[in-house]
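fold the following, please.
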Amino acid sequence: MKTVILAGGLGTRISEESHLKPKPMIEIGGRPILWHILKLFSHASFDDFIICLGYKGYVVKEYFANYVLHNADLTVDLAAGAIEYHATHHEPWRVTLVDTGEETMTGGRLKRVARFLEPDEPFFLTYGDGLSDVDLKALAAFHRAHGKEATVTAVAPPGRYGALDVKEGLVQRFTEKPPGDNALINGGFFVLQPKVIERIAGDATPFELAPLESLAHDGQLMAFPHEGFWAAMDTLRDKNHLEALWASGEAPWRR
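Here you go, the predicted structure:
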């Protein structure tokens with residue numbers, strides 16, 4: 001199965017770093033969050049990626065074009081104009097980088113890469129700023145088993161603030177950063193049939209609106225529940241939280 005990654009947005013809520021680079025290239029533990037996402041899929045033996053580029057897409061292209069160079073020891077023979085690589089570590093990845101436009105919405109980006117997908121073969125779709133320990137093999141198997149057009153991973157978002165249980169002015173219970181209001185949200189890890197792309201009108205279509213709404217209306221959208229770790233890097237605070245988890249050596253998505 002191929003994996004499409006939406007990596008073209010502006011990342012305005014984390015502009016402290018995204019004014020210099022696209023949001024998926026912001027680093028966690030010295031590696032772009034995009035690298036962490038590819039490692040998630042690769043650990044489950046999904047190694048064929050299509051990355052939808054937009055804002056500062058050249059940064060992503062340069063990163064992968066120089067990936068072997070930056071992850072190997074080497075000898076440079078200046079006289080001969082040759083480079084000899086030593087102790088290289090090759091990821092088993094095949095990465096297709098596609099410029100899908102700076103202003104294109106998420107649905108439009110997916111529509112623009114349709115030509116790189118296999119007809120009638122399901123594929124993953126995810127965002128370039130979310131991490132999880134979701135079981136991707138189980139997600140794919142769930143999708144194939146139910147036979148519908150689309151599967152979305154359903155997660156309960158973590159709370160951001162401590163919660164107070166108050167009765168007659170007296171705090172009965174305090175819970176530090178409890179889960180949200182028990183409502184499930186789109187966790188950003190999809191499995192889709194290629195025919196889903198027919199529901200996308202064009203560049204101005206957000207995938208999260210008309211396409212998903214029509215899939216739900218037609219009974220073609222199934223939810224895969226995930227109760228484990230999930231986090232989206234929307235703000236600098238989120239980035240620092242993920243950084244701290246990685247530094248601890250116990251990041252839930254770490255393989």
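
now tell me which helix or strand of this structure has the poorest mean pLDDT.
strand 170-175 (a mean of 55; mean pLDDT, DSSP states H and E).

following element in sequence after that strand, please.
Sequence order places strand 185-192 as the next helix or strand after strand 170-175, per DSSP states H and E.

tell me the SS of residue 137?
Put simply, residue 137 is helix when judged by DSSP: H, G, I helix; E, B strand; the rest coil.

so what pLDDT did it get?
Residue 137 carries a pLDDT value of 98.

I figured it hits residue 41, correct?
No: using C-beta atoms under 8 Å, residue 137 is not in contact with residue 41, being 10.3 Å away. C-beta: built from backbone N, CA, C; applies to glycine.

higher neighbour count, these two?
Using other C-beta atoms under 10 Å, the more surrounded residue of residue 137 and residue 41 is residue 41, with 21 against 12.

secondary structure element for the more buried one?
With DSSP H and E as the test, residue 41 turns up in helix 33-43.

in that helix, what counts as buried?
With burial defined by 16 or more other C-beta atoms under 10 Å, the residues of helix 33-43 counted as buried are 33, 34, 35, 36, 37, 38, 39, 40, 41, 42.

please apply the same query to stretch 109-123.
Quick answer for stretch 109-123 (16+ other C-beta under 10 Å): 109, 110, 111, 112, 113, 117, 122, 123.

so which of those residues sit within helices?
If you go by DSSP state H, the buried residues of stretch 109-123 have 109, 110, 111, 112 in helices.

out of those residues, who's nearest residue 133?
Distance to residue 133, by C-beta to C-beta, is smallest for residue 110 among those, at 24.7 Å.

ok, the closest one touching residue 52?
Yes: taking C-beta under 8 Å as the definition, residue 110 is a contact partner of residue 52 at 7.1 Å.

state the distance from residue 89 to residue 73.
10 Å (C-beta to C-beta, to the nearest Å).

ok, residue 47 next?
With C-beta to C-beta as the criterion, residue 47 and residue 73 are 24 Å apart.

give me every residue that touches residue 130.
37, 187, 188, 189, 230, 231, 232, 233 (C-beta atoms under 8 Å, 6 or more residues apart in numbering).

strands paired with whichever strand or helix holds residue 154, and their directions?
Using DSSP H and E, residue 154 maps to strand 150-155. Here strand 150-155 is paired, per DSSP bridges, with strand 185-192 (antiparallel), strand 221-225 (parallel).

how about the first one as CSV, C-alpha atoms only?
What it means is strand 185-192. C-alpha atoms of strand 185-192 as CSV (Å, rounded to 0.1, in the frame of the first residue of the first chain):
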residue,chain,number,x,y,z
ILE,A,185,-12.3,13.3,16.4
ASN,A,186,-10.5,12.7,13.1
GLY,A,187,-7.1,11.3,14.0
GLY,A,188,-5.7,11.9,10.6
PHE,A,189,-4.8,8.3,9.6
PHE,A,190,-7.1,7.3,6.8
VAL,A,191,-7.3,4.3,4.4
LEU,A,192,-9.1,5.2,1.2
